[in-house]
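1. whatever this is, show me its structure:
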Amino acid sequence: MDFDFPDELKQFRETARAFLAERASTTAARKVLDGEHDLDRGLWKDIGGLGWLAATIPEAHGGLDLGPLALCVLAEEIGRSLAPVPFSSSVTLATEALLRYGSPQQQRIYFPKLADGSVIGTFALAESFGANEPRTFSTRFADGLLDGAKIVVADGGVADIAIVAALAADGEPGLYVALLEGATITRTPRQTIDPSRGHADLCFAGHPAEPLPGARGAAALDALVDSAAVVMAFEQIGVASAALDMATAYAKERYAFGRPIGSFQAIKHKLVDVYVALELARSNAYFAAWALAHDSAELPVAAAAARVSACDAAWLATKENIQTHGGTGFTWDLDCHLYYRRAQLLGLALGSATEWKRKLIVRLCEQERVIEAGATFARG
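-> Numbering: from 1, shown residues only. Predicted structure coming up:
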């Protein structure tokens with residue numbers, strides 16, 4: 001079984017990397033970080049023109065219909081470049097939610113606009129810090145209106161639509177699409193560790209919304225979050241890869257006691273540890289991408305494993321990059337801390353690594369029970 005990407009997607013990756021290296025270096029992230037805007041709208045328009053935002057949208061709605069593997073490739077390169085754009089919010093989550101659960105009419109309305117970037121989407125899930133179980137949500141949907149609040153919504157300040165997780169009148173969790181305009185929606189900017197990606201709290205007070213008809217029950221929410229976790233794992237791998245490359249390059253050019261610091265065992269061991277963690281994360285992510293593309297029953301476990309290992313690799317790589325740069329690695333003048341900040345932000349975007357470790361243990365136990373039940377049945 002081959003879990004590698006096909007040659008055409010490898011070429012797609014190289015094209016995306018070359019474009020982002022030229023158009024979205026860390027200078028772009030610094031402009032957003034130091035400025036008044038939450039994203040680089042020029043870059044967003046450019047990648048929309050390249051068709052990246054339409055990667056998974058069906059051709060009938062102006063998309064490219066390239067499938068989830070193309071999304072993973074793009075996410076890795078966006079992570080590598082720290083591009084200050086709402087890719088994960090609008091493409092990985094909002095577009096995917098509509099693709100999975102939206103009605104034909106909702107898809108006709110939103111897909112063309114999401115594909116060209118004229119509409120930005122986001123996903124509003126969390127209501128508190130820590131685990132957020134769907135059946136404990138306080139956000140409610142009744143009679144076509146949403147009431148409640150969502151916190152630290154990625155790109156919530158710039159999004160035009162939101163996919164909101166809420167409870168229906170019967171207490172069943174579901175997803176609802178809402179236009180983020182009018183007097184019944186309040187946006188409050190939220191400061192995070194990575195100012196190059198804007199966040200906001202959203203408060204709905206009798207705000208009009210439509211249910212996504214296919215998104216009924218906690219299982220539907222879990223499936224969407226699992227899908228996003230796989231794609232975001234690649235974004236985290238991109239961050240980790242760039243940090244490792246930066247640390248390795250510096251270790252070769254920085255001299256101490258007449259020799260490159262990379263020749264000292266203390267530095268070698270740090271970078272090897274990062275490399276091992278990164279390759280473990282990449283292996284888990286590749287398997288999870290295969291499971292996602294083939295709608296495999298392995299996806300829940302594979303997504304959790306990919307998420308956990310990607311969080312660990314991104315944290316370790318960005319931390320050791322700062323350490324390799326010594327006393328200057330944490331300052332604003334160098335880019336090391338930009339990768340560290342993005343790694344920390346992504347590590348919390350869909351729930352913390354601790355929460356995903358809990359999910360992984362629960363899912364492995366469930367998988368083991370299924371296997372044991374099947375073996376018992378086979379034995380008669």
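2. residue contacts, the residue nearest the centre of the chain?
-> Geometric centre of the chain, nearest residue: residue 232, 3.3 Å, by CA atoms, centre = their mean. If a contact means CB atoms under 8 Å, 6 or more residues apart in numbering, then residue 232 has 75, 88, 92, 307, 310, 346, 349, 350 as its contacts. (Each C-beta comes from the backbone N, C-alpha and C, glycine too.)
3. by neighbours, which of those residues wins?
-> Counting neighbours by other CB atoms under 10 Å, residue 310 leads those with 35 neighbours.
4. returning to what we had before: using the three-state scheme, assign the residue nearest to the centre of the chain.
-> Using DSSP: H, G, I helix; E, B strand; the rest coil, the structure places residue 232 in helix.
5. low-scoring stretches of the stretch 201-350 of the chain, by residue?
-> Applying pLDDT under 70 to the stretch 201-350 of the chain flags no residue at all.
6. got the contact list for residue 215?
-> 97, 100, 101, 174, 175, 221, 224.
7. export those residues to a markdown table and tack on secondary structure?
-> Output for those, formatted as a markdown table (three-state DSSP):
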| residue | secondary structure |
| --- | --- |
| 97 | helix |
| 100 | helix |
| 101 | helix |
| 174 | strand |
| 175 | strand |
| 221 | helix |
| 224 | helix |
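8. what pLDDT does residue 111 get?
-> On pLDDT, residue 111 comes in at 97.
9. contacts only, for it.
-> Contact analysis of residue 111 by CB under 8 Å, 6+ apart lists 57, 58, 61, 62, 63, 95, 98.
10. what's the distance between it and residue 360?
-> The spacing between residue 111 and residue 360, counted by CB to CB, to the nearest Å, is 33 Å.
11. next, the buried residues of the helix or strand containing residue 309.
-> Per DSSP states H and E: residue 309 is located in helix 299-324. Buried residues in helix 299-324, counted by 16 or more other CB atoms under 10 Å: 299-322, 324.
12. can you tell me the closest non-neighbouring residue to residue 313?
-> Of all residues not flanking residue 313 in the chain, residue 281 sits nearest, at 3.8 Å (CB to CB, 6 or more residues apart in numbering).
13. spell out the secondary structure type for the one you found.
-> helix.
14. just to revisit the earlier point, so which elements touch the helix holding residue 309?
-> helix 218-253, helix 265-293, helix 336-346, helix 353-379 (3 or more CB pairs under 8 Å, 6 or more residues apart in numbering; DSSP states H and E).
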